[in-house]
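Undergrad: fold the following, please.
(4 chains)
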Number of protein chains: 2
Amino acid sequence: MTTIDEVAQLAGVSPATVSKVLNNRPYVSAEKRALIERVIAETGFVPSQRARGLSKRRSYIFGMLIPYTSNQLFADPHLLECIRGIEDVANTHDYNMLLSTARAPAEAASACVRLLRSDVIDGAIVLETIDLQPFTEVLQQHDAPMVAIGYAQGTALHAIHADDYGGALSAMHYLLSLGHRRIGIVSSVLRPFALEERLRGVRVALEARGLCLNEQLIALGDFSSISGEAAGRALLAQPEPPTAIFALNDRMAIGVMRAARELNISIPEQLSVIGFDDIPTASMATPPLTTVRQPGFALGDTAANVLFALLDGSMPPPAAVIPTELIVRGTTAPPLH
Amino acid sequence: MTTIDEVAQLAGVSPATVSKVLNNRPYVSAEKRALIERVIAETGFVPSQRARGLSKRRSYIFGMLIPYTSNQLFADPHLLECIRGIEDVANTHDYNMLLSTARAPAEAASACVRLLRSDVIDGAIVLETIDLQPFTEVLQQHDAPMVAIGYAQGTALHAIHADDYGGALSAMHYLLSLGHRRIGIVSSVLRPFALEERLRGVRVALEARGLCLNEQLIALGDFSSISGEAAGRALLAQPEPPTAIFALNDRMAIGVMRAARELNISIPEQLSVIGFDDIPTASMATPPLTTVRQPGFALGDTAANVLFALLDGSMPPPAAVIPTELIVRGTTAPPLH
DNA sequence: CTGAAAGCGCTTACAG
DNA sequence: CTGAAAGCGCTTACAG
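TA: Sure thing, here's the model as predicted:
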């Protein structure tokens, strides 16, 4: 491996001068700069990050922390988009991503502390799959730049999340404007904060019409399509079944569609269905699923930008909300009368 | 942040001695060792990896390279298991995992070169989503430890893969032993080498019975369940439909099951179905899917062990094959006569 | 504009 | 068993 000293020797200059062109700083004569650049190109020299990091007190690596208590969440195609968004920004900043997938939140937090203390990472993005409370201590001990993708309630983490509330609100507004009044909701037993927000959107939309959320019309799943199918069957088996079902994620919505098909209930004529997320499968379903799009890429992109702002010492806004969007496709129509 | 010098000062010894206990090496008196250990515990000192790496010429980080040309593959729950297997071993060796997800294989390879040259990683595990050819050059330039999860045909990479051939063979043996003779195959347009191997298993099993692979009974999908559904419909709509269908991955097998249900063909009475992978959804389907289990965790675990063997300078076996296993569940039965 | 020197925080022979 | 010294490969003031 070529070192900066070798490059300096070949170019007949001091390593300090080479360092200047490496970090493109001024005060280097045009000729020397050109010469050095040629030598660098010829030798294919790339500065050693660990040596560089030792003097700059940076590792140029950040951690991506994913406490994967639930495989379900990791299986979400949404996450991939999010990671892509993060990576894109990271590349721009010449940063690399360390992946750490601890089991429990406490483990994740202590792993994070180790990574920070041992200078392996300069900061971290934490995916809120569950409780982020343990990370509060991490932040107190180290004032390391950290941002959460999620709500990060009760922590001092910078939080980035999608507009779950607004998305649910517009989905319900749409169903109500189509004329639906008996709207079934497929919620979940596990209630991450994002889900609470979606439920809040549901309630507010109903209240705006003087309606309230009928407990009878709520069925519980676990985010999987199988559980959505069971929930759909339960809702549709009622004496007075809903004319529309809003499933709080796409996989469950797809399960609802399967339940309807088995019961020979046609969509959207006899039943409207709306999901949440806009996973790739949503647009490929028959009929294509009307859903609330959650922009995974934008989430990752924004989170990464906040992280790098913190790393640069600038102070980003404390919380960012990424807009969601209702995508009307083929599973929604006015109710039969 | 505490440094080794501070610890040394507090313990009244030289940094060299602290270094010895840090790397638990001999020639330190019991009392000094105890004293130093106490100081370390009190201060919560953790040695800086970048400083350590600078003298040891190691980063204690390896790359996990995922050229994600196809989202489909990344969406595979299988991959998560694999990563878990890798991480488990990495933790044991005090190594961390850098995640790099380039778009094209050539990009992935050049990203890998940069990471290697800049001392960011000591080696890498490459996921074979597509062509690994570009990595051959990487290996030639740097003799860095690299292992591929896949077949890595025509490269010098150490390759780890599941026994796709054997798995397909046993699935077909099983169907044939049940008495099936018209067996439909759901293959794919895209044909990674793993799929070729599964097809080879299919052919060999048939030939052993004096049968051959009837082109009429092959339908093509793209690994998704939607495509499996279409493929299933196509196969079952034939004048003389198959009595069993072997889908070359689970998601397509689940699609086949949906197609059968819509056509009112009961499983396993009128149609047997076998998948490949054993993703979580497989056992939750109704009826639960008979499939060939591909042990993701073992794949990751083995790949990581090979990588660390290479890093330690020992020479691991050039290729490892992870056994697959036929899991008989509820979708297979003898054909009606 | 240029370079000598010190320093980042460890480890590794080498004397003692 | 113990520690002084040099070195890993960069960067950063500081003189010139």
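
Undergrad: now residue A:151: phi and psi?
TA: Main-chain torsions, residue A:151, degrees, to the nearest 10: phi -90, psi -30.

Undergrad: apologies, that question was intended for residue A:286.
TA: phi -120, psi 120.

Undergrad: so what's the closest residue to residue A:325 other than its chain neighbours up against?
TA: Nearest in space to residue A:325, with sequence neighbours left out and distances taken as CB to CB, 6 or more residues apart in numbering or on different chains, is residue A:293 at 4.7 Å. Placement of C-beta: from N, CA and C, glycine included. By CB atoms under 8 Å, 6 or more residues apart in numbering or on different chains, the contact list for residue A:293 reads A:277, A:278, A:324, A:325, A:326, A:327.

Undergrad: likewise for residue A:114?
TA: The contact partners of residue A:114, taken as CB under 8 Å, 6+ apart, are A:120, B:46.

Undergrad: ok, residue A:253 next?
TA: Taking CB under 8 Å, 6+ apart, we find residue A:253 in contact with A:186, A:228, A:245, A:247, A:273, A:274, A:275, A:276, A:282, A:289, A:291, A:331.

Undergrad: hmm, 7 Å instead?
TA: Counting by CB atoms under 7 Å, 6 or more residues apart in numbering or on different chains, residue A:253 makes contact with A:228, A:247, A:273, A:274, A:275, A:289, A:291.

Undergrad: identify, from those, the entry nearest to DNA strand D.
TA: For the contacts of residue A:253, the minimum distance to DNA strand D (CB to the nearest atom of the strand) is 47.9 Å, reached by residue A:291.

Undergrad: next, count neighbours for that closest one.
TA: Look at residue A:291: counted by other CB atoms under 10 Å in any protein chain shown, it has 32 neighbours.

Undergrad: pull up the residues of chain A that are close to chain B.
TA: Contact residues, chain A versus chain B (CB under 7 Å from any CB of the partner chain): A:46-51, A:53-54, A:59, A:64, A:71, A:74-75, A:77, A:80, A:83-84, A:87, A:96-99, A:101, A:114, A:117-120, A:226, A:280, A:284.

Undergrad: filter those to the buried ones?
TA: Among these, those scoring as buried are A:46-51, A:53-54, A:59, A:64, A:74-75, A:77, A:80, A:83-84, A:87, A:96-99, A:101, A:114, A:117-120, A:226, A:280 (criterion: 16 or more other CB atoms under 10 Å in any protein chain shown).

Undergrad: so which of these are in helices?
TA: Mapping those onto helices (DSSP state H) picks out A:49-51, A:53-54, A:74, A:77, A:80, A:83-84, A:87, A:114, A:117, A:226, A:280.

Undergrad: least confident of those?
TA: Lowest-confidence member of these: residue A:74, scoring 46 (pLDDT).

Undergrad: what segments of chain A are helices?
TA: Ranges of helices within chain A are A:4-11, A:15-22, A:30-43, A:49-56, A:71-74, A:77-92, A:105-117, A:134-141, A:164-178, A:193-208, A:225-236, A:250-262, A:280-284, A:296-311, based on DSSP H.

Undergrad: winner for burial among those helices?
TA: With neighbours taken as mean count of other CB atoms under 10 Å in any protein chain shown, the helices of chain A reach their highest mean count in helix A:250-262, at a mean of 25.

Undergrad: pLDDT of that helix, averaged?
TA: Averaging pLDDT along helix A:250-262 gives 93.

Undergrad: centre of the chain to that helix, how far?
TA: What separates the centre of helix A:250-262 from the centre of its chain is 25 Å, taken as CA atoms, centre = their mean, to the nearest Å.

Undergrad: stretch A:246-253: end-to-end distance?
TA: From its first residue to its last, stretch A:246-253 covers 7 Å (CA to CA, to the nearest Å).

Undergrad: my error: substitute stretch A:240-258 in the last question.
TA: Stretch A:240-258 end-to-end distance (CA to CA) = 20 Å.

Undergrad: any idea how far it is from the middle of the chain?
TA: Using CA atoms, centre = their mean, the offset of stretch A:240-258 from its chain centre is 23 Å.

Undergrad: and the stretch 51-200 of chain A, which residues reach DNA strand C?
TA: A:51, A:54, A:55, A:57 (CB under 7 Å from any atom of the strand).

Undergrad: so what's the last one scoring on pLDDT?
TA: Think residue A:57. Looking at residue A:57, the pLDDT reads 93.

Undergrad: picking up where we left off before, lowest average pLDDT across the helices of chain A?
TA: The minimum mean pLDDT among the helices of chain A belongs to helix A:71-74 (a mean of 47).

Undergrad: what residues does chain A put near DNA strand D?
TA: Neighbours of DNA strand D within chain A, by CB under 7 Å from any atom of the strand: A:1-5, A:15-16, A:18-20, A:22-23, A:45, A:47-48, A:51-52, A:54-56.

Undergrad: beta partners for the closest residue to DNA strand D within the stretch 151-300 of chain A?
TA: Nearest residue of the stretch 151-300 of chain A to DNA strand D (CB to the nearest atom of the strand) works out as residue A:158 at 25.9 Å. For residue A:158, the beta-bridge partners are residue A:147 (DSSP bridges).
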